[in-house]
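Undergrad: Just a sequence and a predicted model for now, questions to come.
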Amino acid sequence: ADSGFPRSPQGALKLGRALVALVAFLCFVVSRSHGAYAALAAMEVVITTLFFLLYFLKLDKKLSGLFWPLADIFNSVVAALFLLVVCLFAVVIKTNNGTLAGGVFGLVLLVLCAVDAVLLFQKISLGGPRRRNTPVK
């Protein structure tokens, strides 16, 4: 296990995403909101936690058949799009205060997903060689 990962910016962001998603999930469940709200938040908790464990246990290095950072970016972008639609709907409809709070936490989660996607994208695009391998003639 990588004891430094949870303290890294990427690890802290993943933990933050999972915790904010958990709070949004609890808000939706306690307020007895529409099942789709709670389901989206619960899926985000599970998927983010799995990505956190993947990096924490260094399974991304062992399971090299997939380019994990790209899968992580894809997850973050898709989650952000779903959160945008569902949480804006929850905030606008605001059946009760719990739904409103869940929607607000969902929108905070959307921002965290976007930041995570941008940081991952920068890490991928800045991590590789930037110069040509062949000499220019």
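TA: Nice, I can see it. Just so you know, these numbers come straight off a predicted model, no measurement behind them.
Undergrad: so where do the helices sit in this structure?
TA: Using DSSP state H, the helices of the chain run over 9-30, 35-56, 59-62, 68-93, 97-127.
Undergrad: Reformat the ones you listed as TSV; add mean neighbour count and mean pLDDT.
TA: Every C-beta, even on glycine, is put in place using the N, C-alpha and C of the backbone. Shown next, in TSV, are the helices of the chain (neighbours: other Cβ atoms under 10 Å; pLDDT from 0 to 100):
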stretch	mean neighbour count	mean pLDDT
helix 9-30	20	93
helix 35-56	19	92
helix 59-62	12	87
helix 68-93	18	90
helix 97-127	18	89
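Undergrad: Distance-wise, check residue 99 relative to residue 81.
TA: 20 Å (Cβ to Cβ, to the nearest Å).
Undergrad: ugh, wrong one, I meant residue 88
TA: When distance is defined by Cβ to Cβ, residue 88 is 11 Å away from residue 81.
Undergrad: same check, this time on residue 102
TA: 18 Å.
Undergrad: Please apply the same query to residue 45.
TA: Distance from residue 45 to residue 81, counting by Cβ to Cβ: 18 Å.
Undergrad: what's the answer for residue 19, then?
TA: 21 Å.
Undergrad: cool, residue 48 as well?
TA: Relative to residue 81, and taking Cβ to Cβ, residue 48 is found at 16 Å.
Undergrad: Quick check: the nearest residue to residue 53 once chain neighbours are set aside vs residue 125, distance?
TA: Excluding the flanking residues, the one nearest residue 53 by Cβ to Cβ, 6 or more residues apart in numbering is residue 59, at 7.4 Å. Separation of residue 59 from residue 125 (Cβ to Cβ) stands at 23 Å.
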